[in-house]
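>>> need a 3D model of the sequence below.
(2 chains)
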Amino acid sequence: MDDMIQIDNLTKVYRAFKGAKEVRALDQISFAASRGEFIGIMGPSGSGKTTLLNILSGVDTSTSGEVIIEGQSIARLKKDKLALFRRQRIGYIFQDFNLLDSLTLKENIALPLILDHVAPQQINSRVDELMQFFGIADIAGKYPYHVSGGQKQRTAAARALVTEPAVVFADEPTGNLDSKSASDIMDMLTEMNERKNSTILMVTHDAFAASYCKRIIFIKDGQISVQIQRAGDRKAFFDKILEILSVMRGDAQ
Amino acid sequence: MSVMTFRHIVNKNLRYNFRRFISYVFVNSFVVAVLFMYGSLLFNEILAQDDAMKIASDYIAIAAYAIILFSIVFVSYTGVYFVKSRGKEFGVYLTLGMTTRDLIRMIVFESLVIVTGSVLCGIAAGLLLSKLFYLLLGRVLNLSTDIYFISYKTFVLSLGVFLFVFLCNLLFTSVFIRRLSIVQITKAATTKGQSKSRPVLGGISTVVFIVSMWLFYAGITGDKFVNNLLGQNKSALLPLVVIVILVSLYFAIASCIDAVRAVCSRFPAFYNRHILILSSLSHRFFTYKVSLYMVSMLIALSLFFMGFGLSLYSYTKKTISEFEPYDYMIETTGSINAISPDEVKQVIEANGGTVGAFSELEYIWSESYRDIAGGSFTHDYKGSLIVSESNYNKHMGTSIDVAPDELLIVQNMKGDEAAAIDYDTTITVEPWREGDARAQAFSRHPMNKDRFVQSVGGGTPILQYEQAKTSSMYAAFINSYGDVEFASVIANVIDDSVYSKLEDQIHNTAYLFNLASGDGDQIYAALLDTLRKVNHADNSLWASAESKFGTPKDTAEFLRPIYKAERYEIAMRISGFMLFSFAFLGVLFLLASLVVLYYKLMTDMDEEKERMILLKKIGLTMAECKSYLQSHLAILFFAPMLIGGIPALILLHASVGFTVYAGYLMLQVLGLYVLFVVMNGLLYVSLRKKFFRGVGLLSE
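Next comes the predicted model:
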């Protein structure tokens, strides 16, 4: 089976305090993603998107159900093993970039490799290549507080890819960006997906960003409400997304 | 809903920032407490009456600079940090339309709360801690008298300095808020640690630091080249050198941090392994620099004061019997203490004692001058006696033979005999009073040897000896005189034929004897009584055993018989008090360094917490997070031990260089240093866990 990610009956129940009414953030969600897929996850606020991503990336734990990435059930991994797995097999792009202010852009990108004690030469060539790819080679020596949001997000994307992970998770990657930077970064993600055959799972509420995906899973009240597959051009897909979103909004009212 | 007023918002704000306020109030109360404790020593009227404090008070006054400087730097450092770290919050207020006036009013109100809290807690802590310190140190040093005393001046000092610094701080804050744009204020939180690196300035500072350390060391240890370089202004220039050392160290530390990173980046494998700590060091350069500097300085001061007190104490303990070789000494001169050896022995036996070794040493008062080869003509500050060779031999049981043109200088301070004799000696022989007056006149108006000899005139005998005919040795031949504890004395041993020509001069005799058995105190009291009668004096003579500074040496008051056990007690009490004062200052500085460390850890905790969340997301394992935090802590704790500890050790080495026991004293100081390091290590281990928990590493 070529499934990169496999999710079975994933459930997450929150209880704010003892005796409080429980909230089902995720309710028996199941789906799978195969290698080279570019999946968008959409849904209204509070639908459980971020919870899903947090569990997938091992930052949060599920109440029940299973997540298998590259044949590895992440719930069964010990804490440190999970950290290493995350570092080596999962790339993460955050809405707020999460770059270290004390490191240059280049060092930020190299950090996961540095932590794995990869030889400096190897790191150099790998990072240089990625910085070329993302068009940030000329600002390699700058610090995060010197560069724009778009440049920060490219750096974060390069960092997510540097370990050649099995899967890249993106959490609202365009959330903090202007429209030009947003379309730039989405172009890059698409290129990453196509040229490097990376598997990408992106959470977003931005229909424009979502239109770059190949498949979109809509979540509502912790359950999958609808899935659509892109066929044809982006413009048509974009319209389709808007249509579904408005239907979902209508349902809610 | 309650009415929303300005006061309401301020109150809310205070409550919201409670934790941050608490740690801010804590450090400020600490400064008040430190000032208070220092004041309790400085203005201690019980201690001030003690002779020991006359010597210690100079050092205590010097410590005032350090303590006040520390208060200023630390209060402003924490103040600036406190304001800047709240930049975002202030930015929001301003954006929402609060005027800078409102904001300043809010800060002033907060400050009032902080000042009140700090002053109350600080004074309470100061009272408590100082009482505790006096109790503990007094017990440890075995001080019999109760020396705890708090003057109103103590309150004035601690409150005055603190309020002054705090007001300045408030002024800075209002200027900061009024001058800067909203964006700049908001950004202050992320840029507060950054500052430019200045490699050239840093390099120069490092060189300046090393050179000035050397200058100071050489200046104190009496290096000829440096002393000629500093010349007459030595006493004015040395403090200047100290200031240069302090300032250059600050910039040198900064350049060190930079240099470490630059050097490490040459070795990519090493640099990569430590990239997080190295980058965080240079990124939060300013806060690191300031706290490393402060902690290092405080450690250096603490080590210096404690080490200095300790070496003074140990020196006294070690050398006391060399300066007091006999149980008793009675000096007779003219009609003062005119008593015969037999009468002395009778008194001893009448009081149930038996006499052990008993010796008489005849001597003549003199003043020694040195004509240093290729240098100047100077007066030797040591007490100078003339003793004939046969009198010396009889006293010491030796068989020294000195030719008429030869001089043997017998030193009673071990090590002084090793100093090279690079001078011709001129000795004036006249009654003590005249000789002393002449020496003082000479110090005011120095002249060369020929003019000096001319000025003495024919009435006063002058003895002159060439450098080549002069030799020197050590012997504990006399009990040192009581006016200054353990002043060193020299005996100029000369040929009998030369000595016989001085028969017109006043001859004095010292009876030096031991007790074979008997009650020493009772016998001493009886001796005093007998001698009072001999001197036709009442009990007011020699009523006090305390050292009398500046008593003329030809008076009965000065010629109080010396009783070793009594001198020992007094000397140990004096050095005990000194040790107390210095240890007190040392502990004060140590406490101050602890609180700087504490504050740094507290503020870092918040920043590191965010960093840890981020690093965990990137996929750092627990072990990696811990090792990063551990190096961070280790640098904070152990770098000051080197940066501050080593210069302090060097300075201590310079200050004990005068004695042959320098090695022994240095060993004790090193022991103290090791104790510092060990305590520091224990503190590091105990705070590490707290820090890990604080940044959220151990909570799960």
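>>> tell me who's in contact with the residue of the stretch 501-650 of chain B found nearest chain A.
With CB to the nearest CB as the measure, B:Gly619 is the residue of the stretch 501-650 of chain B nearest to chain A, at 2.7 Å. C-betas here are computed from N, CA, C, even on glycine. If a contact means CB atoms under 8 Å, 6 or more residues apart in numbering or on different chains, then B:Gly619 has A:Ala83, A:Leu84, A:Phe85, A:Arg86, A:Arg87, A:Gln88, A:Ile90, A:Pro112, A:Leu115 as its contacts.
>>> go with 6 Å
A:Ala83, A:Arg86, A:Arg87 (CB atoms under 6 Å, 6 or more residues apart in numbering or on different chains).
>>> show me the subset of these that also lies near chain B.
Taking CB under 6 Å from any CB of the partner chain, the overlap between the contacts of B:Gly619 and the neighbourhood of chain B is A:Ala83, A:Arg86, A:Arg87.
>>> the first one and B:Met622 touch, don't they?
Meaning A:Ala83. No. If you go by CB atoms under 6 Å, A:Ala83 and B:Met622 don't touch, sitting 7.2 Å apart.
>>> need phi/psi at the spatially closest residue to B:Leu652 that is not a sequence neighbour.
In this structure, B:Leu652 finds its nearest non-sequential neighbour in B:Gly307, 4.6 Å apart by CB to CB, 6 or more residues apart in numbering or on different chains. Note on B:Gly307: backbone dihedrals following degrees, to the nearest 10 are phi -60, psi -40.
>>> try B:Ala300
Dihedral angles (degrees, to the nearest 10) for B:Ala300: phi -60, psi -50.
>>> my guess is it contacts B:Ile646, does it?
No. If you go by CB under 6 Å, B:Ala300 and B:Ile646 don't touch, sitting 8.7 Å apart.
>>> spell out which parts of chain A neighbour chain B.
Counting by CB under 6 Å from any CB, chain A sits next to chain B at A:Asp80, A:Ala83, A:Arg86, A:Arg87, A:Asn98, A:Ser102, A:Leu103, A:Ile114, A:Pro120.
>>> output these as TSV; include the columns neighbour count and distance to B:Leu132.
Formatted as TSV, the residues of chain A next to chain B follow (neighbours: other CB atoms under 10 Å in any protein chain shown; distance: CB to CB, whole Å):
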residue	neighbour count	distance to B:Leu132
A:Asp80	13	46
A:Ala83	24	47
A:Arg86	27	52
A:Arg87	23	51
A:Asn98	20	48
A:Ser102	23	42
A:Leu103	21	47
A:Ile114	23	50
A:Pro120	16	55
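>>> from memory B:Glu417 sits against B:Gln411, does it?
Yes. Assessed by CB under 6 Å, B:Glu417 is found in contact with B:Gln411 at 4.8 Å.
>>> more neighbours: which of those two?
Between B:Glu417 and B:Gln411, counting by other CB atoms under 10 Å in any protein chain shown, B:Gln411 is the more crowded of the two (21 against 18).
>>> can you pull the contacts of that one?
B:Gln411 neighbours (CB under 6 Å, 6+ apart): B:Glu417, B:Tyr474, B:Ile490.
>>> what do you get if the cut-off is 7 Å, keeping everything else the same?
B:Glu417, B:Ser472, B:Tyr474, B:Ser488, B:Ile490 (CB atoms under 7 Å, 6 or more residues apart in numbering or on different chains).
>>> show me which pair in those is furthest apart.
Largest separation among these by CB to CB: B:Ser472 and B:Ser488, giving 12.6 Å.
>>> ok, back up a step: can you tell me which of the contacts of B:Gly619 are in helices?
The helices, defined by DSSP state H, take in A:Ala83, A:Arg86, A:Arg87 from the contacts of B:Gly619.
>>> what's the closest of those to B:Val75?
The nearest one, if we look at the ones in helices among the contacts of B:Gly619 relative to B:Val75 and count by CB to CB, is A:Ala83, at 41.8 Å.
>>> nearest residue to the closest one in space, please, no chain neighbours.
B:Thr621 (4.3 Å).
>>> what distance do you get for that neighbour to A:Gln88?
11 Å (CB to CB, to the nearest Å).
>>> for my notes, confirm B:Asp504 occurs in a helix.
No. Under the criterion used here (DSSP: H, G, I helix; E, B strand; the rest coil), B:Asp504 is coil, not part of a helix.
>>> against B:Gly459, how distant is it?
In this view, B:Asp504 and B:Gly459 are 10 Å apart by CB to CB.
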